[in-house]
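Colleague: Would you be able to build a 3D model of this:
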Amino acid sequence: MIPYSTQFIEEDDIAAVVDVLKSSHLTQGAKVEEFEAAIAEYVGARFCVAFNSATSALLGAYAVAEIGENDEIITTPISFVATSNMAIALGAKPVFCDVKTDGNIDESLIESLITPRTRALVPVDFAGKPVAIEAIKAIAKKHNLLVIEDSSHALGSGIGTQRIGSFADMTIFSFHAIKPITTGEGGAVVTNDEAFAQKLKLFRSHGIIKKQLWNSDMVSLGHNFRLTEFAAALGLSQLHKLDRFLATRNEIARYYDERFAGHKLFATIAIDADEQSARHLYPLLLSPALHCSKEDVFTELQTRGLGVQVHYKPIYQNSFYKERFGEQRLANTEHFYKSSLSIPCHQKMSMEDARIVADTVLEVMEHYSHRECSF
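Modeller: The predicted structure is shown next:
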């Protein structure tokens, strides 16, 4: 089975973790700070605060932005549930904006959703493709809102010469195992705002500041969302390879683009000339001309050894959201969900693997184009 994404751990990664395991500090040492500094430098931000997951990083970002009871955020339903869940955890309400054909939030619809309760715009760089961040920032500035960018798919993505992480008020990255680099579990918030950075550090570690000798003081409510030293060591080792990993992902994606260009049964998502994508996912968008259900295609591809996946069921279709907020339907979101299917694209693959994937996809699609079944 060729998975749609997976970690790529090499011997130097293992050695970096072992070195920390043999050291005096497994947590709250210098390695996390070194990792944070390296991430901040890589993306072009002043500050980085590492967390034990992107979910806790999202919660931290919302909390230090003082988003709470009866507030609203405007975000996308095409994301992992954590993007909106963490706002709900603080008493806020996610307001879902429809998406464009690339799966990213439709910035032209955002302004119509703003109310006096809106506190932040929370776009997601779906699959690694950057959102229209400058347009989103302009809307936020006009209405005095924050932009908290969920870039869990997009470490290494960019627009022009500027990397994702340097645009928004706060940006969240994920280092989950299937992301381009991993700490096992892990995440971070990057920001240019020193006040946010200091509050985030308190939030992730019980709200405690250390004074002299044994003395410390809890100055705010916090949690234990700290990243371990050995996780940071793994992340730092992986970060040194990120550009190589992204080059492999993009080489595979370009190959797919060529093999699939102009196909009548499915489309791919184009990356604009001035954009760089981390290619966390490579989604196909199935056409109604396929004449069969996505479930049939999904099952057949998996049977043939491709670990395909769907990203994502619209968040509002989950039972929790239906019970709390009622039934919702957004036309482009529904269409995107019905048509999208992610195929393998990651740095552990060879170009021969990519050829196998492309050949298999084309063979299965052609087979199902002749089936008498409904889409």
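
Colleague: What ranges does the stretch 201-350 of the chain have for its strands?
Modeller: With strands called from DSSP state E, counting those that start in this stretch, the stretch 201-350 of the chain shows them at 208-210, 216-218, 266-268, 275-276, 282-286, 306-307, 340-343.

Colleague: For stretch 116-127, measure first residue to last.
Modeller: 31 Å (Cα to Cα, to the nearest Å).

Colleague: So which bits of that stretch are buried?
Modeller: T118, R119, A120, L121, V122, P123, V124, D125, F126, A127 (16 or more other Cβ atoms under 10 Å). (C-beta placed from N, C-alpha, C; glycine too.)

Colleague: Could you export the residues you listed as JSON lines, including distance to R304 and pLDDT?
Modeller: Shown next, in JSON lines, are the buried residues of stretch 116-127 (distance: Cβ to Cβ, whole Å; pLDDT from 0 to 100):
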{"residue": "T118", "distance to R304": "46", "pLDDT": "98"}
{"residue": "R119", "distance to R304": "47", "pLDDT": "98"}
{"residue": "A120", "distance to R304": "43", "pLDDT": "99"}
{"residue": "L121", "distance to R304": "41", "pLDDT": "99"}
{"residue": "V122", "distance to R304": "37", "pLDDT": "99"}
{"residue": "P123", "distance to R304": "35", "pLDDT": "99"}
{"residue": "V124", "distance to R304": "30", "pLDDT": "99"}
{"residue": "D125", "distance to R304": "30", "pLDDT": "98"}
{"residue": "F126", "distance to R304": "26", "pLDDT": "98"}
{"residue": "A127", "distance to R304": "23", "pLDDT": "98"}
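
Colleague: Tell me which of the strands of the stretch 201-350 of the chain lies nearest to N224.
Modeller: Proximity of the strands of the stretch 201-350 of the chain to N224 was assessed by Cβ to Cβ; the nearest stretch is strand 208-210, lying at 10.3 Å.

Colleague: and the closest one, which residues are buried?
Modeller: By 16+ other Cβ under 10 Å, strand 208-210 has no buried positions at all.

Colleague: Can you tell me the strand partners of that strand and which way each runs?
Modeller: strand 216-218 (antiparallel) (DSSP bridges).

Colleague: Not counting the strand it pairs with itself, show me its contacts.
Modeller: With Cβ atoms under 8 Å, 6 or more residues apart in numbering as the test, strand 216-218 has contacts from H206, G207, I208, I209, K210, K211.

Colleague: Quick check, pLDDT for the residue lying closest to the last one once chain neighbours are set aside.
Modeller: For K211, the nearest residue in space outside its immediate sequence neighbours is D217; the separation is 6.3 Å by Cβ to Cβ, 6 or more residues apart in numbering. Reading off the confidence values, D217 has pLDDT 95.

Colleague: Which strand residues bridge D217?
Modeller: Under the criterion used (DSSP bridges), D217 bridges to I209.

Colleague: what's the answer for A50, then?
Modeller: A188.

Colleague: Distance check, it against Q328.
Modeller: Per Cβ to Cβ, to the nearest Å, A50 is found 34 Å from Q328.

Colleague: between those two, which one's more packed in?
Modeller: Under the criterion of other Cβ atoms under 10 Å, the comparison of A50 against Q328 puts A50 first, with 29 against 14.

Colleague: can you pull the pLDDT of the spatially most central residue of the chain?
Modeller: Closest to where the C-alpha atoms of the chain average out (Cα atoms, centre = their mean) is S152, at 2.3 Å. S152 carries a pLDDT value of 98.

Colleague: close enough to count as contact, it and I178?
Modeller: No: with contacts counted by Cβ atoms under 8 Å, S152 stays clear of I178, the gap being 10.7 Å.

Colleague: Take the contacts of strand 216-218 and lay them out in TSV including pLDDT and distance to D106.
Modeller: Listed next are the contacts of strand 216-218 as TSV, based on pLDDT from 0 to 100; distance: Cβ to Cβ, whole Å:
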residue	pLDDT	distance to D106
H206	97	40
G207	96	38
I208	95	42
I209	93	43
K210	88	46
K211	85	49
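
Colleague: Just give me the closest of the residues you listed to A231.
Modeller: H206 (18.8 Å).

Colleague: so how many other residues sit close to the closest one?
Modeller: 16.

Colleague: Find the residue closest to it in space, skipping its chain neighbours.
Modeller: Using Cβ to Cβ, 6+ apart, the nearest residue to H206 is G222, at 4.5 Å.

Colleague: burial of that neighbour, as a residue count?
Modeller: So G222, with other Cβ under 10 Å, has 19 neighbours.

Colleague: Show me what the helix or strand of the chain with the lowest mean pLDDT is in contact with.
Modeller: Within the chain, confidence by mean pLDDT, DSSP states H and E is lowest for strand 208-210 among all helices and strands, at a mean of 92. Here strand 208-210 makes contact (Cβ under 8 Å, 6+ apart) with L202, S216, D217, M218, V219, G222.

Colleague: Now the fifth one. Its backbone dihedrals?
Modeller: Reported as degrees, to the nearest 10, the phi and psi values for V219 are phi -110, psi -10.

Colleague: Since that was my last question, I'll sign off now.
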